Structures are given as C-alpha cells and as structure tokens.
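J.: generate coordinates for the sequence data below:
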Amino acid sequence: MKSWLRPILGAIIVIGIVTAGLLYAYWDQAVPVAAMALNYLRYSSAPAGTLETEVAKTTTAPQPSAPTASAAPEVASSGTEGDWPSYNRTLTSNRFSPLSQINTTNAGKLKVLCTYDTGQHTGFTSGLLEVDDALIFVTEYDLFSIDPATCREKWRTHEDYAPATPQGVNRGAAYFDGMLFRGTQDGRVLAYDFKTGKRLWQTSIADPKKGESAPAAPIAWNSLVFIGDAGGDIKGVKGRMYALDAKTGKIVWEFYLVPKTEGDPTRGPEGASPLNTSTWGNTLQGVPINGGATWTSYSLDPDTGLLYVPGGNPAPDFAAAMRPGPNLYTGSVVVLDAKTGAYRNHFKIVPKDWHDWDVSSAPAIIRTAGGRKVLSVAPKDGHLYGFDLATNALLYRTPVTRIENADVPFSAGKPVHFCPGSTGGNEWNGPAYDPQTNLVYVGEVEWCTTASLMPAEKIAAAKPATPWSGEASLNPFNTWGKPDPIFDWAGWTYAVDADTGAWRWRAKTNYPIQSGMTPTAGGVVFFGDMGGNFYALDATDGRKLWGQKIGGAIGGGVITYAINGTQRVAVATGLTEVLWPTEITTAKVSVLGLE
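T.: Take a look at the predicted model:
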C-alpha cells in the first residue's frame, strides 16, 4: 500500500468508528433524522392521488333515510350535537355526525379556509377534538388549542421529556368537565385546564426504561380517564389498562391484558381477572410473556358501563412457535367493568398472531337497522368483523383489503411474502357507522411485507427493552419485515352492510388510508390518504364529490363540527415518521368549509 494512502484510510476508519459510536449513543435521536432523509428520497417521485369506486353488482346501493329511533345517533357525554368532544366523537365510537349543512349537493364547493402550522416534523396521528369553541390536538411534546373558525392559536403547552422510543407519535387528547388529558411517550398521563393549558396533575402508568409509553388517546366518562400502556413489540413489555380519577390522577384500577407473573409491578388496585399463563406455554429461557399493549383509543357503552379495550400483538411478533397457545388477551377486544376494572368478556379476533396483526383501533358499538347491537371491529388482519352483542356470536368476517399467504407459517431462512403486511390492514383509526345508510365504513392499508425468522436461540438472546419481532434482518428499518417498494401499495374504503357484512361499495386509492372516517347526516363520508389527498364521497354509493391534495400525509383526525351555526371540517395533515415513506412536511391542521 502506498504510504500516502495509510493516513487517509486511517482517518476514514476513525471517522467510521466515531460515527458508529455517536449513532449508538444517540440512537433515538438518529433514527427519525435518518428516516426523514431516507423517506425524502423515497418520496421524491410521488404520483398524484387517484380514486376509483366500484358498487357491488349483487345488490343496489342503500338509499339514505332518516335514522330510526333504534338507530338514532348517540350524543357524546360532553358537548353538543355540533361538537366533536371525544376521539371518535361518541364514547361508542360510531363517528357519525348529525350535521348536514355540507351535503351531496354542495360538497363539491369545499375549500380550505385556514391552516394552523405546528412547525414540527413529527408522526402526526393525533385525533382532533372540537368542544366549547376550541379545536384541540396533540403532538409528541405539545398540546394545542386553536380557534375552530380562524385557526388562530389560543394556547400551546410544551412538555420536555426523554421518550421511551424514537417513534414520535400521539393519538390525541380526551376532554371532561373543563379538563384535557393526554398520554406521553415516557409513560405518563397529564391533565390540563381546558381554558389555559395549565398542567393540573401527572401520573405515571408505565416505565420508559423498559420501552413502555402511553401514546393512546384517552377517553373519559363518569369522572374516570381510561388509558393503557404501549410498547408490546419491545422485549419485557406487558399491556395494561388503567382508570384514573379525573380530578386527582389517582389510579382507580389496573388490569393486566396478558398474564401477570412474579416480579411484575402493581400500580393500583387490580381489576378481577381469570387470566393465567395456561394460554401461553412459553418454556424457552429468555422468552417471557410479552405484548398485549394498547396504542390507539378505546370505546365505552354508557348504557352498560362496559369498557372495550383493543389488545395488541404478542411478542416476539413473528415467532409463534416460541409462545404456544392463543396468547390471551392479545389479538382481542377485552371487555371490562369501567368502574372496577373487572373482567367481563373478551372477543378473540386474531386466533394466533405471527404477522404483527394487532387489534389496535377502537371498536364501534352500533345499533343496526335490523335492531341488533353490534360490535364492529377492524384489526390489522384485513377483515371487518361484526359480533352480535346479545349472543356474542360472530355475524361476519368480511375481507376489506388484499389478503395473501395469511396461513403460511414462518421459519428461519424461508422468507414469506404476506398481505396485509405488518403495517397493513386497519391501523389506528377504526370503523365508523352511518345509521342513515346502515353502512359501516372502514379505511384500509394494502402494503405487503416479506419476513423471515431468526433462529430461536438468537430471538431468546435479545436484550430487554429492545425491539423484539424475531425478524432476520440487519437493516434496522426492516425490524418488522421488509415492506414492498414504495408506491406498490394502495388504500381501500369499504362500505359494508352492518347487519349482513356484505360490501355495498368500495373505493381504491393509490395511497394507504389511515385517517379517521367521518360519515354525516348530509350523506357525505370524509377521509384522507397518506398522499395528503382529502376526499368527500357520497355515503350511499361512493361517488366522489370532492377530492384534492391539501397537505402532507393524512394519518390523524378527520372531524366535522358547527361553529357560529356553520359546519366545518378539520383535518390533521403532515405525518412524517420512521415507518411511513411520506412527504416531508410539518404537521398542520386545516379547516375546510363552504364559502
């Protein structure tokens, strides 16, 4: 080797070692920056948004009608009919708005009237609230209150803390009795004064050193705030659900969503539970019971006082053989007594999960035109489920996105391509119900994944508090499998008969759909896609009434409300985070209406 090359190579090696050391030391900070740079390149050739609608040939589209007494839209526990005071508007999560000023005859004249820019590049998945003349939303560190008519900032409260993971997300806030509540990425629940943003109390429900966080959107009822911990993909994390006193933050009850074992902490009085280790069967050393965390939001039936909790995936995510049995209560909707936390029932949705197919979004509790009380559930496995709550019987299981190789087992050294992927199906915004059409609307992701397993010994040897999927990849961005190339994806909106499960119409977009779905009494259903395209469709047949790109990726709240007697629509845009190759732009909230 020539003598002049030696110092150059030495300098390169030293720089490489220093860079690697800095990346290791500041991994949480480096991941989002590297992901943003990578996604900027991946998104540089993004196509314009497209939408195609198909009406089922076996039946005619339903005709709009006035709601029957049994199917009348529920009014949320706080606010008026013109408000949106909870994550899914109502505690039962039907998301239907009785407003009709924007309707099928004039929706084509929608315009963006104002926009609020947070100035942050972040995983903006926040649901939106509108109550008492304020529009409320959340980012990882901030809580915002803006004017719902003009987008003028009323107040903004910032929190400084070290997050448990580099995924900077938060699903939204809850409102109750002049207070706001939110979770944080370091496992706390915080309460604020609604008018001023002043913090009132804080309570820890999770340990960020273990990788636990609390990004879910709480719901509030009867002076209780309900929220659980997230992080079920991380080794050593167990899902739990909590009720906190709204005035003081005191933990009223705690419920473990997977079996509690020796050494697990107790943070409050335990809700009665029949759960034990019999449905797991973990025998290999280094493979603890893991998962079942919650990370979106919840539903509650005020008539029965029952809380419906979506339970996430077991872990290691892809290594099913290392955790024999159905792994209760992962992949389930768990029903608890809201006042005591006592177990009442569960619906096992994903019988055995090895695809990271969480039951993640809040289910909808609906009263159908046929008179049934139905639990409508859309997990990540690509199906829409309907359960008769009078008998707990499964009424239907309707495919609502691309399904491929769902039954093929995983093994070391044999990659499997499966759909929906580990980021496919229905993610954090669940189904919506329109009593005028008797249709359930659900937005879906079609983005497939290829995964291969590590040997069992390597999976067991993983360190606690680290991502634990069992996937054999050296690429840290493929921890949950390798997704198909960007733009080899799509989104679906399905409109499904709430009584029979038959689809009436479906619309396919060229970008995944993860936003909230919002049907209204005006016969319009609103939603957005990950290309930043926002749509208003005819609720009866899926006909496009309006559609245009209004900002960055739409992965958060889509709501409608009345302010000063005028109907408005608010949309959260600008989702930028590790798992999704989207346009790099700041998080914004846009308000649309008719001029």
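
J.: what's opposite Pro519 in the beta bridge?
T.: Following DSSP bridges, Pro519 is listed with bridge partners Val525.

J.: for Gln436, see how far away it is.
T.: Counting by Cβ to Cβ, to the nearest Å, the gap from Pro519 to Gln436 is 8 Å. Just so you know, the C-beta spots here come from the backbone N, C-alpha and C atoms, and that holds for glycine as well.

J.: comparing the two, which residue is more hemmed in?
T.: It is Pro519, of Pro519 and Gln436, that has more neighbours when counted by other Cβ atoms under 10 Å, with 28 against 25.

J.: quick revisit: now do the shared contacts for Pro519 and Gln436.
T.: Residues touching both Pro519 and Gln436 (Cβ atoms under 8 Å, 6 or more residues apart in numbering) are Ala539.

J.: report the beta-bridge partners for the residue nearest to Val55 when sequence neighbours are not counted.
T.: Leaving aside its sequence neighbours, Val55 sits nearest to Trp505 (Cβ to Cβ, 6 or more residues apart in numbering; 4.7 Å). Beta bridges link Trp505 to Val55, Ala495 when assigned by DSSP bridges.

J.: how close does Trp505 get to Gln514?
T.: Using Cβ to Cβ, Trp505 is found at 20 Å from Gln514.

J.: my guess is the residue nearest to Val55 contacts Ala56, does it?
T.: Yes - Trp505 is within contact range of Ala56, at 6.4 Å (criterion: Cβ atoms under 8 Å).

J.: tell me which of these two has more neighbours.
T.: Trp505 (24 against 16).

J.: and the more buried one, what does it touch?
T.: By Cβ under 8 Å, 6+ apart, the contact set of Trp505 is 53-56, 61, 495, 541-542.

J.: against Asp529, how distant is it?
T.: Trp505 is 17 Å from Asp529, by Cβ to Cβ.

J.: Ala162 too?
T.: Applying Cβ to Cβ, the value for Ala162 to Asp529 is 33 Å.

J.: of the two, who's got more company?
T.: Asp529 (28 against 9).

J.: for the closest residue to that one other than its chain neighbours, grab the count of nearby residues.
T.: Among residues not flanking Asp529 along the chain, Tyr511 sits closest, at 3.9 Å (Cβ to Cβ, 6+ apart). Neighbours of Tyr511 under the rule other Cβ under 10 Å: 25.

J.: make sure Tyr511 is indeed in a strand.
T.: No - according to DSSP: H, G, I helix; E, B strand; the rest coil, Tyr511 belongs to no strand; its state is coil.

J.: quick one, phi/psi of it?
T.: Backbone torsions for Tyr511, taken as degrees, to the nearest 10, come to phi -130, psi 150.

J.: need the contact list for it.
T.: By Cβ under 8 Å, 6+ apart, Tyr511 lies in contact with 49, 489-491, 529-531, 533.

J.: just these now: which is nearest Thr203?
T.: Among the contacts of Tyr511, Met530 lies closest to Thr203 (Cβ to Cβ), at 33.9 Å.

J.: tell me if I'm right that the closest one and Ile554 touch.
T.: Yes - here Met530 reaches Ile554: they are 6.9 Å apart, a contact under Cβ under 8 Å.

J.: the more surrounded of those two?
T.: Between Met530 and Ile554, counted using other Cβ under 10 Å, the more crowded position is Ile554 (32 against 26).

J.: read off the pLDDT value for that one.
T.: Predicted confidence (pLDDT) for Ile554: 98.

J.: sec struct for it, please.
T.: Here Ile554 is recorded as coil under three-state DSSP.

J.: what segments of the stretch 201-350 of the chain are helices?
T.: With DSSP state H, counting those that start in this stretch, there are no helices along the stretch 201-350 of the chain.

J.: likewise for the stretch 451-595 of the chain?
T.: Under DSSP H, counting those that start in this stretch, the stretch 451-595 of the chain gives helices at 456-460.

J.: can you pull out the low-pLDDT segments for it?
T.: In the predicted model of the stretch 451-595 of the chain, no residue satisfies pLDDT under 70.
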